[in-house]
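Q: Dropping a prediction and its sequence here:
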Amino acid sequence: MLVKTYSSSVIGIDATTITIEVNLGQGINFFLVGLPDSSVKESHLRIKAALANNNLKFPQREVTINMAPADIRKEGTVFDLPIAVGILAVSEQINPEQLHSFQLMGELSLDGNLQPVKGVLPMVLQAKKEGFQSIILPEENAQEAAVVDGLRIYGMKSLREVVDFFNGTATVEPTQIDMEKTFTNMLDEFEVDFKDVKGQHKIKRAFEIAASGGHNVVLIGPPGAGKSMLAKRLPTILPPMSLEEALETTKIHSVAGKIKEAKGLITQRPFRKPHHSISDTALVGGGSFPQPGEFSLAHNGVLFLDELPEFKRSALEVMRQPLEDRVVTISRARYTIDFPAGVMLVGAMNPCPCGYFNHPEKECSCNQGTVRHYLNKISGPLLDRIDLHIEVTPVSFDELAMEQDGEQSKSIRERVVNARLFQQGRFSTDKGIYCNAQMESKQIKEHCKLSEESKNILKHAMDRLGLSARAYDRILKVSRTIADLERCTTIETRHIAEAIQYRNLDRMNWGS
């Protein structure tokens, strides 16, 4: 007798449907084929214990299980439940009539309880695409799966509950959520706000420009000047995520196993802050079985690298390609995986090892060579890919003592959204470009035309600062964003002048 059940395997951030064929033959052997990894092979022992502890019988005959397609490596514990259900169905302990319309996923404990698994959202999306009607999975994953409309999602606690459900002796209600209500209500839930920031008006202005154009930023200033506090508030002024962005972001976090049980859909832009001891692989992704790194977990949001010069040089240099292409490509002998990496990079650094170079009050204890060596930890090619270099100065006592709140994030966000809408109209015919930071040479030439006076100002700045061609493009992109905030169709001289001011690390006196 042969029975088929269905599950999914995640490769990158996409899923492939796996057919699990269970056959009973003569003898007492157990065979599991179809390129399973160690965790899948071990399912045999978990299933035997789970069946025994729930008064169910493991067949005393030869059991052959094939996981098709057989040339795709199967990994993880997601296959415990479909294999167990297939064994019970082939041994006539479960009614197999409805199995063809269900996808099953879940890890089994030895007592038969279902444990949550990773990568549920991409699996459910693929199941819907292939015409499945229902999903059975652990109760902890039900909220995440229920964000996909058009499927019946059954969250269950144990194998016994699954058996009773298929045999018609128990009724389980599908998990349902109001997607529109959930998505709308959670868009503006932030724990921090720019109104709490005292002073720092120039930095707020720079962040508004960065958010409006999707530009990368590096903050340089002494300890305690507020670099981390400012960076943490950047997501509060970014445009709200669209449903498509929310689903894409949730898929990545689902594959990485970072979805909270009560939060099925990620509706706020991610803010990732890895420690400077992070490895290259953890930063950009990879591994024996490739997983998304911090770069991809920050997709559609902000990647904040505090103490930038303390990161390993190799880790910083490996970011150059993802920053340019907005995708991380992991290549292996048999396959290539692309992880989305559309992030706003925000770096923060001290100006020198002691932190007080160029400080208005405190004296720097570092010699000239030490300062230059410290700043040289950030390579020129990486700095070229960062649009705004911003000097953060300490806030005065008078500003700190002010009782009046600063401008709210909500007000800044409105201007940012209007600037993004202005850009969307401009790039309506350019596929894959949604903000000024994504412009390539063709769009820069078309949308960043300068007057003769503006050209002269920019030429003088390039000669004085020794800017590269990439830095030239960055200045044009930033000036285009400044003009968009004012709803100007042309780039004026004042826009170019302000954009040049945000290249502090190109100034000759830094570290000299």
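A: Received the coordinates, thanks. Numbers count the residues shown, from 1 in each chain.

Q: can you pull the contacts of residue 324?
A: Listed by CB atoms under 8 Å, 6 or more residues apart in numbering, the contact set of residue 324 reads residue 385. From N, CA and C alone the C-beta is placed, and that goes for glycine too.

Q: Just want to check the distance between it and residue 385.
A: Separation of residue 324 from residue 385 (CB to CB, to the nearest Å) stands at 7 Å.

Q: How is the nearest residue to residue 441 once chain neighbours are set aside classified with respect to secondary structure?
A: Among residues not flanking residue 441 along the chain, residue 473 sits closest, at 7.6 Å (CB to CB, 6 or more residues apart in numbering). Under DSSP: H, G, I helix; E, B strand; the rest coil, the three-state class of residue 473 is helix.

Q: what about residue 473, how many neighbours?
A: 17 (other CB atoms under 10 Å).

Q: What's the separation between it and residue 437?
A: 11 Å.

Q: swap in residue 334?
A: Remark: distance between residue 334 and residue 437 (CB to CB) = 35 Å.

Q: neighbour count winner among those two?
A: Per other CB under 10 Å, whichever of residue 334 and residue 437 has more neighbours is residue 437, with 22 against 7.

Q: In three-state terms, label the more buried one for me.
A: Here residue 437 takes the helix state, with states given by three-state DSSP.

Q: Now do the contacts for it.
A: Applying CB under 8 Å, 6+ apart to residue 437 gives the contacts 213, 214, 215, 216, 387, 477.

Q: Read off the pLDDT value for the fourth one.
A: At residue 216, the pLDDT value in this model is 94.

Q: So it is in contact with residue 384, correct?
A: No - here residue 216 does not reach residue 384: they are 10.4 Å apart, not a contact under CB atoms under 8 Å.

Q: Could you check how far the residue nearest to residue 441 is from residue 484?
A: For residue 473 relative to residue 484 (CB to CB), the value is 17 Å.

Q: got the domain boundaries for the protein?
A: Listed by automatic domain parsing, the domain ranges of the chain are 2-166, 178-395, 436-512.

Q: and those domains as JSON lines, adding distance to residue 405?
A: Shown next, in JSON lines, are the domains of the chain (distance: least, CB to CB, whole Å):
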{"stretch": "domain 2-166", "distance to residue 405": "36"}
{"stretch": "domain 178-395", "distance to residue 405": "4"}
{"stretch": "domain 436-512", "distance to residue 405": "22"}
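
Q: Would you map the helices across the stretch 351-500 of the chain?
A: 368-375, 380-384, 397-400, 409-426, 441-447, 452-465, 469-485, 493-501 (DSSP state H, counting those that start in this stretch).

Q: ok, the nearest residue to residue 298 once chain neighbours are set aside - how many residues close by?
A: In this structure, residue 298 finds its nearest non-sequential neighbour in residue 272, 4.1 Å apart by CB to CB, 6+ apart. By other CB under 10 Å, 18 other residues sit near residue 272.

Q: Hmm, residue 299 and residue 272 touching each other?
A: No - contact criterion CB under 8 Å: residue 272 and residue 299 do not qualify, at 9.5 Å.

Q: Now list whatever residues contact both of the two.
A: Between them, residue 272 and residue 299 share no contacting residue, judged by CB under 8 Å, 6+ apart.

Q: Could you identify the helix or strand that succeeds the helix or strand hosting residue 296?
A: Take DSSP states H and E as the rule and residue 296 turns out to sit in helix 294-297. Helices and strands here follow DSSP H and E; after helix 294-297, the next one along the chain is strand 302-305.

Q: Against which helices or strands is that next one packed?
A: helix 227-232, strand 271-272, strand 344-349 (3 or more CB pairs under 8 Å, 6 or more residues apart in numbering; DSSP states H and E).
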